[in-house]
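Asker: Build the 3D model from these lines:
(chains A and B)
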2 protein chains.
Amino acid sequence: MIGRYEKIDLPVSKVRRYLEPGPIVLVTSAFGKTRNIVTLGWHTVMGFTPSLVGCVIAAGNHSFELVRAQRRMRDQPTDDEADRPRGRIGNTTGAETDKFATFALTPQKAQRVGAPLIRECHANFECNLADDILVDKYNFFIFEVVKAHVAPSPGHPQTLHYTGDGVFMVAGKIISRRSQFRSELLDD
Amino acid sequence: MIGRYEKIDLPVSKVRRYLEPGPIVLVTSAFGKTRNIVTLGWHTVMGFTPSLVGCVIAAGNHSFELVRAQRRMRDQPTDDEADRPRGRIGNTTGAETDKFATFALTPQKAQRVGAPLIRECHANFECNLADDILVDKYNFFIFEVVKAHVAPSPGHPQTLHYTGDGVFMVAGKIISRRSQFRSELLDD
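Answerer: As a prediction, the model looks like this:
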């Protein structure tokens, strides 16, 4: 969701709450004076401790080279308002455009990595490249989340999920089934 | 979604429509007379052609050894009815239970692989293990979808998405923004 959020720290082992449901994320990258934002739908949580996230960044993408060069990035659940110009980030290329300026997004300094956070996102995850073994073969990057900032409200933001062909699913209702879970599968 | 679906073939390059939004999936596996079902939320599309899907299956899981042994599995979007007993599949282990019987799911013979399909799921994806390079380090399996069967209706089933801690998000409304996409990003 896009807004003006005051964020608090989240333990990095808990980012699955935001990423496991499968929303589109915005990934920022920077190298020297060049920075970019890319939208991603091909990502998965891979571990709690360390906090690992794998994702595919297409090799033809401007961010691909920036991430490879800098080995750092951000990973952030994104806008639920597909009608806004920001919904079109994936339809432009950062090789010709400063997407922060084009889409009126505010870069913020991160604590642990060099690339900027996006102020308007409801969550910001600072990531370092942890393993590039599958980059050449599958364009698959494995990142470690080293710092997480989230808006305390809403607890479950209305994320966007991509189905391909220009069609999105908007996150629906939240239901708890904690009572049906074995205790070791719950947080506390 | 669980139901009694008549399914049609889907080109394997198009399974992203079902998987990219990030639903929980049921994965079946079989080796000899042993079969199992596991629920998964940690998966990502990795390619169109070949049709690749990566997923984490925990090493302590009964399915982990079955998949390693047989190198084949099924991958299927799952129940949107978390209240049914089937919603609890992830809370039992196949080492002690035949989950097909316990959860009243019907195994169906697949066309290209040995493990059974689940009749009640709205989509069935037959998969072969394509790359096990990250299994030892991350329990991450890369599968190729070799055959896809989907119910023609509903076009966008109401999937379940897991946020951790016993809490699920149910897929919400579908919105099209095809008019804002560059033509090369659309199917046709």
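
Asker: mind checking the SS state of the residue of chain A found nearest chain B?
Answerer: For chain A, the residue closest to chain B is A:G22, as judged by Cβ to the nearest Cβ, at 1.2 Å. For every residue, glycine as well, the C-beta is placed using N, CA and C. For A:G22, the assignment made with DSSP: H, G, I helix; E, B strand; the rest coil gives coil.

Asker: With A:S13 instead?
Answerer: Assigned with three-state DSSP, A:S13 falls in the helix class.

Asker: and it, how many residues sit next to it?
Answerer: By other Cβ atoms under 10 Å in any protein chain shown, 14 other residues sit near A:S13.

Asker: immediately after the helix-or-strand element of chain A with minimal mean pLDDT, which helix or strand?
Answerer: The weakest-scoring helix or strand in chain A, judged by mean pLDDT, DSSP states H and E, is strand A:72-77 (a mean of 48). Once the chain leaves strand A:72-77, the next helix or strand it forms, by DSSP states H and E, is helix A:99-102.

Asker: so how far is that next one from its chain's centroid?
Answerer: Remark: helix A:99-102 is offset 17 Å from the chain centroid, using Cα atoms, centre = their mean, to the nearest Å.

Asker: How about it and chain B, any contact?
Answerer: No. Using Cβ under 8 Å from any Cβ of the partner chain, helix A:99-102 stays clear of chain B, with a minimum separation of 14.1 Å.

Asker: packing partners for that helix?
Answerer: strand A:34-40 (3 or more Cβ pairs under 8 Å, 6 or more residues apart in numbering or on different chains; DSSP states H and E).

Asker: Partner strands of the strand it packs on, with direction?
Answerer: Looking at strand A:34-40 with DSSP bridges, its partner strands are strand A:25-31 (antiparallel).

Asker: Distance from the chain centre to the partner strand, please.
Answerer: Centroid displacement of strand A:25-31 relative to its chain, using Cα atoms, centre = their mean, is 8 Å.

Asker: List of residues touching stretch A:144-153?
Answerer: Contacts with stretch A:144-153, where a contact means Cβ atoms under 8 Å, 6 or more residues apart in numbering or on different chains, come from A:3, A:5-12, A:14-15, A:18, A:50-53, A:75, A:110-113, A:117, A:122-128, A:130, A:157.

Asker: and these, which are buried?
Answerer: Burial by neighbour count, 16 or more other Cβ atoms under 10 Å in any protein chain shown: within the contacts of stretch A:144-153 this picks out A:5, A:7, A:10, A:12, A:14-15, A:18, A:51-53, A:75, A:110, A:113, A:117, A:122-128, A:130, A:157.

Asker: So which of the residues you listed belong to strands?
Answerer: If you go by DSSP state E, the buried ones among the contacts of stretch A:144-153 have A:10, A:52-53, A:75, A:117, A:123-128, A:130 in strands.

Asker: near chain B too, which of the residues you listed?
Answerer: Okay, of these touching chain B (Cβ under 8 Å from any Cβ), that's A:L52.

Asker: Can you list the low-confidence ranges for chain A?
Answerer: Within chain A, the stretches with pLDDT under 70 are A:1-3, A:60-62, A:64, A:66, A:68-97, A:188.

Asker: Mind listing what's buried along stretch A:180-188?
Answerer: Judged by neighbour count using 16+ other Cβ under 10 Å, the buried positions of stretch A:180-188 are A:F181.

Asker: That stretch vs chain B: in contact?
Answerer: Yes. Stretch A:180-188 reaches chain B (Cβ under 8 Å from any Cβ) through A:180-182, A:185-187.

Asker: Tell me how far that stretch lies from the chain's centre.
Answerer: Remark: stretch A:180-188 is offset 27 Å from the chain centroid, using Cα atoms, centre = their mean.

Asker: pull the CA atoms of it into CSV?
Answerer: The C-alpha coordinates for stretch A:180-188 follow below in CSV (Å, rounded to 0.1, in the frame of the first residue of the first chain):
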residue,chain,number,x,y,z
GLN,A,180,-6.4,-25.6,14.6
PHE,A,181,-2.6,-25.4,14.6
ARG,A,182,-0.1,-27.4,16.6
SER,A,183,1.6,-25.0,19.1
GLU,A,184,5.0,-25.4,17.5
LEU,A,185,3.8,-23.9,14.3
LEU,A,186,2.6,-20.7,16.0
ASP,A,187,4.7,-17.7,17.0
ASP,A,188,4.0,-17.9,20.7
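
Asker: quick one: which of the ones in strands among the buried ones among the contacts of stretch A:144-153 is nearest A:G172?
Answerer: Distance to A:G172 across these (Cβ to Cβ) is lowest for A:A123, with 18.9 Å.

Asker: what sits opposite that closest one in the beta ladder?
Answerer: A:V150.

Asker: how close does it sit to A:F100?
Answerer: Going from A:A123 to A:F100 by Cβ to Cβ, to the nearest Å gives 18 Å.

Asker: same question, A:T44
Answerer: 27 Å.

Asker: helix/strand/coil for A:K173?
Answerer: strand.

Asker: Now for it, how many residues are close by?
Answerer: Close neighbours of A:K173, defined as other Cβ under 10 Å, add up to 10.

Asker: from the chain's centre, how far out does stretch A:36-52 sit?
Answerer: Counting by Cα atoms, centre = their mean, stretch A:36-52 is centred 7 Å from the centre of its parent chain.

Asker: And that stretch, what's buried?
Answerer: Those would be A:36-47, A:51-52, for stretch A:36-52 by 16+ other Cβ under 10 Å.
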